[in-house]
Each structure stands twice: as C-alpha cells, then as structure tokens.
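>>> Give me a 3D structure for the following:
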Amino acid sequence: MNVLVIGGAGYIGSHVVYELADAGHKVTILDNFSTGLHENVDPRACLVEGDMQDHALVRSLLKKGDSCDKHQPFDAVFHFAALKAAGESMTHPEVFTEANLIATMHLLNLMSENDIRRFVFSSSAAVYGNPEYLPIDEAHPQKPINYYGYTKLAIEHTLEWYSKLKGLRFAALRYFNAAGYDVKGRVRGKEQNPANLLPIVMEVAAGNRDMMQVFGDDYPTRDGTCIRDYIHVSDLASAHLKAMDYLVNEDKDLVINLATGEGYTVLEVIREAEKVSGLSITRETTERRPGDPADLVATSTLALDTIGWKAQYSDIHTLVSSMWEVYK
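Next up, the predicted model:
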C-alpha cells in the first residue's frame, strides 16, 4: 500500500514508518520538524518537509500522491502531528485549536476530495479524564480534564460523522504513556524537552539533567507513588499497522485502547533505571501535582479481540533498557 504518515519524523511516527517499510509498504512522510528529527527518518521513506497547517501543500500532496517517483495515490493516512502538552493546552487553547482541530478538519476534507478512505489516528487516553473505575476500557465515560484531551475527543467525534456521511474508515488508537526505543535500534534521536517520566529519568542518569522531582509519595499505591500504564513504542507501532490492515480487510471503524492493564510506579521506574544504568538517579520528593490520580491503567482486551494485538515489549526492563541504549 501507498501510505502518508503525517508527523513521521516524530517519536511515535518514526517507529511506525519503520514498521510500515519493513512490511513492504511505500511510505511518504510529511513533517515540519518542530519536534521531529531528521536522524529518525527511515531512508526508505519519501520525505516532504512542511506543515500540515499549510493547506495548499497538503492539498497538492494528497492530489498528486507520493512525490518520490510515480505519484501513486495514497491508500491510507496516518496522523501523528498533533500538539500534546496538556498544560499548555489550558493556557493557549487557540494554538491547540489551530494545530489539532482545524488542521485535522482540513485534512479530512482534502482526503474526501481525493477519495482517500482510510485514516489511522493517534488519539489519547486523555479523552477519558479522571478514572471512574480501573482498568479503563473503551466504555469508560469520556470527560477530558484538559483542552488537549478535548481536541482528541472532538476529532474522534468528527471521524464518526465522516464515517457515516463520507464513507471514511478510521481507527482511533487511545494510549497513555509511550516509552522505550526501537527494539532493533534504528531510531536513536532523543525527544526534545521531554515532559514524561521515563525520558526525564534517562536524562538524569545520563548527566543531562541534575535531578528530578517525584510528585508525592503518599498515594494509596504499593510504594506511595503514582502508577501509570507504559506502552513500548515498538508495541504501538505494530498496533498501528494491525489497525490499518483491519480497515482494509474488515472495512469497519475501530476505536481501541493500547495498554497493558498493569502499570508501574514512579519509584519502580527509577529503581529499574538505576539497575540498568548502574547509576544513582538524584531525586527529591515534592508535593502532589493537582489532578494527578493515584492509579491510571487501561485494558486492551478489545484490541486483542479485534486486531489480535497484545503488548510484547512493555515490561519494565525492556522499556528502560531500550531507552538507556539511546541515552547512555
């Protein structure tokens, strides 16, 4: 298949591109490199450097198809180009409206114009908000607690309507915390200005950051620190390919969680990093952050039932050791 991956030089997108190329698909990347890295671009892919908010560029690209050789029409589009900083979404919602909502709506309209009917969307478990029960499944109430989560949910709702009205087939994949690096060692570029736990732990271990903070150690968990569901990025990549195959073979829409249903505490992650690196992680315990639930895990039973996906690399040792191979 001929596939367009928007955000294909970013952390998750680059891993998906490698998986697509490994499976024999022809891939074109559209990326503005605001967070993506040239060093993470699969050399087998065709690269178009530009912004998905440049609607003239996207229109031309979708009309012509890939620009590498024969201008073949695209069979599917993957979308990883959204902004994701939840805190920033609450202070600058207008930026997230433009980048996440408006740009995606234009993309869907241009796909419809060019009769491109398959769309794989990087959604988020942020659509659920605070957990009302655990583990979170796809039937959990969807009550986002930040504007970022709302933008993901609004896009999902639009996809449902475009499925009914335009014949679009879509997969919306919801996940929490992507971590790890390519188990084959091909993606080496590190995330810029990370805000998530694991890359921050890695930066402290590698000496790029003096210390880190643990936000609260008095939660009702096994060691007092928060529990989160971490998914290895190679597992995410395989799920995205399986989702595309599902759209092709079943001709049905798909909304699923990608998770382990277990999770690790902050201290468990830190101790595993110390074990793998052989170094001490300097840290201080501070007050809880407002809005941080004690336990946040999801279930992927539906993913197993529909696309035959189950996490293979999301154990704590593989998560940490694959990251340390890059950060060390």
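
>>> Just confirm Ala125 contacts Arg174, I think it does.
Yes. Between Ala125 and Arg174 there is a contact under Cβ atoms under 8 Å: 4.8 Å. C-beta here means a position set from N, CA and C on the backbone, and glycine is covered the same way.

>>> Same drill for the two, tell me which one is more crowded.
The neighbour comparison of Ala125 against Arg174 (other Cβ atoms under 10 Å) goes to Arg174, with 27 against 24.

>>> Verify the stated contact: the more buried one with Ser122.
No. Contact status for Arg174 versus Ser122: not in contact, 9.2 Å apart, counting by Cβ under 8 Å.

>>> on that earlier part again, list residues touching both of Ala125 and Arg174?
Residues within reach of Ala125 and of Arg174 at once, by Cβ atoms under 8 Å, 6 or more residues apart in numbering, are 257, 298.

>>> distance of His38 from Tyr11?
Counting by Cβ to Cβ, to the nearest Å, the gap between His38 and Tyr11 amounts to 14 Å.

>>> Between the two, which is the more surrounded one?
Tyr11 (24 against 11).

>>> Can you get me a residue count around the closest residue in space to Asn146 that isn't next to it in sequence?
Excluding the flanking residues, the one nearest Asn146 by Cβ to Cβ, 6 or more residues apart in numbering is Ala86, at 4.3 Å. Neighbouring residues of Ala86 were enumerated by other Cβ under 10 Å; the total is 18.

>>> OK, contacts around Ala86?
Going by Cβ under 8 Å, 6+ apart, Ala86 touches 126, 146, 148-149.

>>> Mind checking which of the residues you listed are in helices?
148-149 (DSSP state H).

>>> Name the nearest of the contacts of Ala86 relative to Val266.
Ala126 (19.1 Å; Cβ to Cβ).

>>> Find the nearest non-adjacent residue to that closest one, please.
Spatial nearest neighbour of Ala126, chain neighbours left out: Gly149 (3.3 Å); criterion: Cβ to Cβ, 6+ apart.

>>> residue contacts, the one you found?
By Cβ under 8 Å, 6+ apart, the contact list for Gly149 reads 86, 124, 126-129.

>>> mind showing which ranges of the stretch 151-300 of the chain have poor pLDDT?
For the stretch 151-300 of the chain, no stretch has pLDDT under 70.

>>> can you pull out the helices in it?
Here the stretch 151-300 of the chain has its helices, by DSSP state H, counting those that start in this stretch, at 197-206, 233-250, 266-277.

>>> How far does the first one sit from its chain's centre?
Taking Cα atoms, centre = their mean, to the nearest Å, one finds helix 197-206 lying 19 Å from the centre of the chain it belongs to.

>>> Show me which positions of that helix end up buried.
197-205 (16 or more other Cβ atoms under 10 Å).

>>> Would you mind writing the CA trace of stretch 299-311 as PDB?
Output in PDB follows, covering the C-alpha atoms of stretch 299-311 (Å, rounded to 0.1, in the frame of the first residue of the first chain):
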ATOM      1  CA  THR A 299      -7.200  -2.600  29.400                       C
ATOM      2  CA  SER A 300      -6.600  -3.700  25.800                       C
ATOM      3  CA  THR A 301      -9.000  -6.700  25.700                       C
ATOM      4  CA  LEU A 302     -10.800  -5.200  22.700                       C
ATOM      5  CA  ALA A 303      -7.500  -4.700  20.800                       C
ATOM      6  CA  LEU A 304      -6.700  -8.400  21.300                       C
ATOM      7  CA  ASP A 305     -10.200  -9.400  20.100                       C
ATOM      8  CA  THR A 306     -10.300  -7.200  17.100                       C
ATOM      9  CA  ILE A 307      -6.800  -6.900  15.700                       C
ATOM     10  CA  GLY A 308      -5.000  -9.600  17.600                       C
ATOM     11  CA  TRP A 309      -2.700  -7.100  19.300                       C
ATOM     12  CA  LYS A 310      -1.100  -7.600  22.700                       C
ATOM     13  CA  ALA A 311       2.000  -5.800  24.100                       C
END
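
>>> got a list of contacts for that stretch?
135-138, 231-232, 235, 238-239, 242-243, 245-246, 254, 256-261.

>>> Buried ones among those?
Buried among the contacts of stretch 299-311 by 16+ other Cβ under 10 Å: 135-138, 231-232, 235, 238-239, 242-243, 246, 254, 256-261.

>>> which of the contacts of Gly149 lies closest to Thr285?
Thr285 has its nearest neighbour among the contacts of Gly149 in Ala86, at 22.4 Å by Cβ to Cβ.

>>> For that closest one, give its distance to Phe96.
For Ala86 relative to Phe96 (Cβ to Cβ), the value is 10 Å.

>>> Which neighbours do those two have in common?
Common neighbours of Ala86 and Phe96 (Cβ under 8 Å, 6+ apart) are Tyr148.

>>> Nothing else from me, thank you.
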